[in-house]
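Asker: What shape does this take:
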Amino acid sequence: MKTIKKTLRNPSRRPTHPGAVLREDILPFLGITQSTLAEYLGVSRLTVSEILLEKRAISAEMALRISKVIGGSPESWLQMQSAVDLWDVCQRFKQRSEEHTSELQSPCNLVCRLLLEK
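Answerer: Sure, this is the predicted structure:
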């Protein structure tokens, strides 16, 4: 039987986007600008800006670039992005199920809760 891991994160709060971690923690700590980070990553400043503003997801390639420049594993950066993506999808499903029937609501909530607790 598979055990379910519990997390300390509030499941009703959206997980932290990797761009927010870069914007709020990493760039100020390193004292570098978006342009400098873009140069280190080998991407455009616009790409970095969109990630920092949480308008763009972190791809596997970008996770690898970030891990080589800043640290952490590519998997950890992708895990953060995956948590955000899954939460967003669950929210859309919840909205749809509330609009249609209450029968779909409880299974959806259960599935989303189980997936987010991984």
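Asker: Could you give the number of residues near residue 11?
Answerer: Neighbours of residue 11 under the rule other Cβ atoms under 10 Å: 14. The C-beta positions use only the backbone N, C-alpha and C, and glycine is treated the same way.
Asker: cool, and residue 15?
Answerer: Using other Cβ under 10 Å, residue 15 is surrounded by 21 other residues.
Asker: got the phi/psi numbers for the closest residue to it other than its chain neighbours?
Answerer: Spatial nearest neighbour of residue 15, excluding adjacent residues (Cβ to Cβ, 6 or more residues apart in numbering): residue 83 at 3.9 Å. When read as degrees, to the nearest 10, the backbone of residue 83 gives phi -60, psi -40.
Asker: if I look at residue 83, how far off is residue 90?
Answerer: 11 Å (Cβ to Cβ, to the nearest Å).
Asker: cool, and residue 52?
Answerer: 24 Å.
Asker: between these two, which one's more packed in?
Answerer: A direct count of neighbours by other Cβ under 10 Å for residue 52 and residue 90 places residue 52 higher, at 21 against 18.
Asker: Name the nearest residue to the most centrally placed residue in the chain, ignoring sequence neighbours.
Answerer: Centroid-nearest residue in the chain: residue 81, 2.7 Å away (criterion: Cα atoms, centre = their mean). Excluding its sequence neighbours, the residue lying closest to residue 81 (Cβ to Cβ, 6+ apart) is residue 58, at 4.3 Å.
Asker: same question, residue 48
Answerer: Nearest to residue 48 is residue 38, by Cβ to Cβ, 6+ apart, at 4.3 Å.
Asker: If you tally nearby residues, what's the number for the one you found?
Answerer: 18.
Asker: Where does it fall, secondary structure wise?
Answerer: helix 34-41 (DSSP states H and E).
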